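Student: pasted the sequence and its predicted model underneath.
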2 protein chains.
Amino acid sequence: MKIVLLGSGNVATHLAKALKANGEDVLQIYSPNLENARSLANQLSAEAVDDLSHINQDAELYIISVKDDVIEQVAASLAHVNGLVVHTSGTTDIQVLASHVKQAGVFYPLQTFSKAKDVSFLNIPLCIEATDQTQLSMLRQLASKLSEKVYELDGQKRKVLHLAAVFACNFPNHLYAMANEILQENDLDFDIIRPLIAETADKVMSNLPENVQTGPAIRNDETTMSKHLGMLESKPEMKHIYQTLSDSIKLTLK
Amino acid sequence: MKIVLLGSGNVATHLAKALKANGEDVLQIYSPNLENARSLANQLSAEAVDDLSHINQDAELYIISVKDDVIEQVAASLAHVNGLVVHTSGTTDIQVLASHVKQAGVFYPLQTFSKAKDVSFLNIPLCIEATDQTQLSMLRQLASKLSEKVYELDGQKRKVLHLAAVFACNFPNHLYAMANEILQENDLDFDIIRPLIAETADKVMSNLPENVQTGPAIRNDETTMSKHLGMLESKPEMKHIYQTLSDSIKLTLK
């Protein structure tokens, strides 16, 4: 399939490499920053483009993978193409595209991407949507080549999923960072806590999290919690987070 | 080594099985609830005991693995034994034992244990402490047979580690549960978000969390954050947590 990729960030980079590895024909990488476009395009033998008026008009699929607030602006430049135009955003309505282009869709990979770390697409949930059944079927075929987990979700469900992802990914990572801050200030290495983080995630691969909660709050162990709050006396922000989350865990006690 | 285990909870259960698997001689399992003691003792060909006055006096090691607030009471019953008496608590001072028994130590496995899930001890950080160098050396030997990660930590560092563990394990698990609540209310299965949870943890196995933070807060994406807060309008507690953690992530922005 002939594909143009508009964007050169984390999602665009991982997606482009996965498409290429699956034998798709990535024609162009667009970025307003030519250096960024080149850096990714060179890895794919694609053309780097920094001008929206130079986008190839004959591709079958245009993937817009840019910051949410510039999706519409990029879409407006694709008004005349006949191919399907999709974005990769969890929160942006398909209508933002549909009001500008002929064929609109969504191709949202539910994963956290960092350029520093490779990730296999095979296990990444791909959430797809399209205004037209033929296009949806084409997206489904493409997605199924990349991943074993393809979900057809409307915009409402996709937004719910994106919100859940903040709770399941972004917030836990920030709490890992706080744990590391506590450790570093006491000359303890983050490495000591890595097995615990791995096991905490692994436990919910085969259990529901509400059934495997551990720690002082779920035991209603006030002695330990007040010791911990005392240790956080000089860190009011962390102390507030400790209190807020412990109170919330205690609310789940029967 | 002849070992008596006082306790039959999650930590005691996993520890007893690991000791047995490593060829140690677990003589007795004590629990005030005889059924609980029996259930574990039967798996280890050990004796079940529900009376502290029936504890074998000739063991080399007594492991107290009970709730923090009853450790001292159990320790008091071991005043006359010559073996080393350790507890497995992250927050309890070694002095709580030392004021009652002849030889005191700590054997704290930094992991989250649920009876429903087996876990290999090989990768679990074991934090040890003892009032006597000979006893410390004996504990180090035992710990090294069970795990590749043995740390000699004083009480102060152990308490810091326990606090960090709440941030790295108990709080993230509660956030997973909140993600599941959001999903379930919208007829989405928790399974859709499992790969994201796994990757979020996996990312910090080779990176520091503060270097791989993603999501709307770290992008200072106010549009997405206010959409999310709007979706949580009917859940004031979750909304408060979303706001609190997002604010805290934004504070890390340079």
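Tutor: On my side now, so go ahead. Residues are numbered from 1 along each chain as shown, chains lettered A, B, ... in the order given.

Student: residue ranges with poor pLDDT in the stretch 151-254 of chain A?
Tutor: The stretch 151-254 of chain A contains residues with pLDDT under 70 at A:254.

Student: residues contacting A:D68?
Tutor: A:89, A:91-92, B:221, B:223-224 (CB atoms under 8 Å, 6 or more residues apart in numbering or on different chains). Where you see a C-beta, it was placed from the backbone N, CA and C, and this is true even at glycine.

Student: looking at those residues, which one is closest to B:Y242?
Tutor: Among these, B:T224 lies closest to B:Y242 (CB to CB), at 11.4 Å.

Student: shouldn't that closest one be in contact with B:G230?
Tutor: No: at 10.6 Å, B:T224 does not count as touching B:G230 under the criterion of CB atoms under 8 Å.

Student: sorry, back to before: dump the contacts of A:D68 into a markdown table; add neighbour count, secondary structure and distance to A:D69 as well.
Tutor: Conversion of the contacts of A:D68 to a markdown table gives the following (neighbours: other CB atoms under 10 Å in any protein chain shown; DSSP: H, G, I helix; E, B strand; the rest coil; distance: CB to CB, whole Å):
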| residue | neighbour count | secondary structure | distance to A:D69 |
| --- | --- | --- | --- |
| A:S89 | 24 | coil | 10 |
| A:T91 | 19 | coil | 11 |
| A:T92 | 25 | coil | 9 |
| B:D221 | 18 | coil | 8 |
| B:T223 | 13 | helix | 6 |
| B:T224 | 22 | helix | 9 |
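
Student: those strands in the stretch 151-254 of chain A, which residues are they?
Tutor: Assigned strands in the stretch 151-254 of chain A: none (criterion: DSSP state E, counting those that start in this stretch).

Student: could you pull out the helices for it?
Tutor: Along the stretch 151-254 of chain A, counting by DSSP state H, counting those that start in this stretch, helices occupy A:155-165, A:171-184, A:194-206, A:222-231, A:236-251.

Student: tabulate the ones you listed (a markdown table), appending distance to B:L126.
Tutor: Listed next are the helices of the stretch 151-254 of chain A as a markdown table, based on distance: least, CB to CB, whole Å:
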| stretch | distance to B:L126 |
| --- | --- |
| helix A:155-165 | 34 |
| helix A:171-184 | 17 |
| helix A:194-206 | 11 |
| helix A:222-231 | 20 |
| helix A:236-251 | 26 |
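
Student: these into TSV, with extra columns for distance to chain B?
Tutor: As requested, the helices of the stretch 151-254 of chain A are exported to TSV (distance: least, CB to the nearest CB, whole Å):
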stretch	distance to chain B
helix A:155-165	4
helix A:171-184	4
helix A:194-206	4
helix A:222-231	5
helix A:236-251	5
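
Student: wait, which of those helices is closest to B:E185?
Tutor: Short answer: helix A:155-165, nearest of the helices of the stretch 151-254 of chain A by CB to CB, at 8.2 Å.

Student: tilt between that closest one and helix B:222-231?
Tutor: Angle of helix A:155-165 versus helix B:222-231, following axes from the mean of the first three to the mean of the last three CA atoms, to 10 degrees, is 100 degrees.

Student: other residues contacting helix A:155-165?
Tutor: Against helix A:155-165 from outside (CB under 8 Å, 6+ apart): A:90-91, A:93-94, A:106, A:108, A:110, A:127, A:129, A:153, B:179-180, B:182-183, B:186-188, B:192-193, B:196, B:215, B:224, B:227-228, B:231-232.

Student: give the buried residues for that helix.
Tutor: Of the residues in helix A:155-165, A:155, A:157-165 count as buried by neighbour count, 16 or more other CB atoms under 10 Å in any protein chain shown.

Student: also stretch A:182-190?
Tutor: A:182-183, A:188, A:190.

Student: nearest to A:Q133, of the residues you listed?
Tutor: Nearest member of the buried residues of stretch A:182-190 to A:Q133, counting by CB to CB, is A:F190, at 49.4 Å.

Student: isn't the closest one up against A:M178?
Tutor: No: between A:F190 and A:M178 there is no contact, the gap being 11.6 Å when judged by CB under 8 Å.

Student: show me which residues of the stretch 1-150 of chain A are close to chain B?
Tutor: A:10, A:67-69, A:91, A:110-114, A:116-117, A:119, A:123-125, A:149 (CB under 8 Å from any CB of the partner chain).

Student: list the residues that contact both of A:F190 and A:M178?
Tutor: Counting by CB under 8 Å, 6+ apart, nothing touches both A:F190 and A:M178.

Student: just to revisit the earlier point, what touches both of B:T224 and B:G230?
Tutor: By CB under 8 Å, 6+ apart, no residue touches both B:T224 and B:G230.

Student: mind listing what the residue lying farthest from the centre of chain A touches?
Tutor: Centroid-distance maximum for chain A: A:T223 at 39.0 Å, with CA atoms, centre = their mean. Residues in contact with A:T223, defined by CB under 8 Å, 6+ apart, are B:68-69.

Student: looking at the buried residues of stretch A:182-190, spot the one nearest B:L84.
Tutor: The closest of the buried residues of stretch A:182-190, once distances to B:L84 are taken by CB to CB, is A:L188, at 25.1 Å.

Student: backbone dihedrals for that closest one, please?
Tutor: phi -110, psi 140 (degrees, to the nearest 10).

Student: that older thread, are any of the residues of the stretch 1-150 of chain A next to chain B buried, and which?
Tutor: Of those, these count as buried by 16+ other CB under 10 Å: A:10, A:68, A:91, A:110-114, A:117, A:119, A:124-125, A:149.

Student: among the helices of the stretch 151-254 of chain A, which is the most enclosed?
Tutor: helix A:171-184 (a mean of 24; mean count of other CB atoms under 10 Å in any protein chain shown).

Student: centre of the chain to that helix, how far?
Tutor: What separates the centre of helix A:171-184 from the centre of its chain is 20 Å, taken as CA atoms, centre = their mean, to the nearest Å.

Student: restricting to C-alpha, output it in PDB.
Tutor: Extracted C-alpha coordinates of helix A:171-184, given in PDB (Å, rounded to 0.1, in the frame of the first residue of the first chain):
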ATOM      1  CA  PHE A 171       0.200   8.500  36.200                       C
ATOM      2  CA  PRO A 172       2.000   5.200  37.200                       C
ATOM      3  CA  ASN A 173       5.100   6.400  35.400                       C
ATOM      4  CA  HIS A 174       5.000   9.600  37.400                       C
ATOM      5  CA  LEU A 175       4.700   7.700  40.600                       C
ATOM      6  CA  TYR A 176       7.700   5.600  39.600                       C
ATOM      7  CA  ALA A 177       9.600   8.900  39.200                       C
ATOM      8  CA  MET A 178       8.500   9.900  42.700                       C
ATOM      9  CA  ALA A 179       9.700   6.600  44.100                       C
ATOM     10  CA  ASN A 180      13.000   7.200  42.400                       C
ATOM     11  CA  GLU A 181      13.200  10.700  43.900                       C
ATOM     12  CA  ILE A 182      12.700   9.200  47.400                       C
ATOM     13  CA  LEU A 183      15.400   6.600  46.700                       C
ATOM     14  CA  GLN A 184      18.000   8.900  45.200                       C
END
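
Student: any idea which residue of the stretch 51-200 of chain A lies closest to chain B?
Tutor: A:N170 (3.0 Å; CB to the nearest CB).
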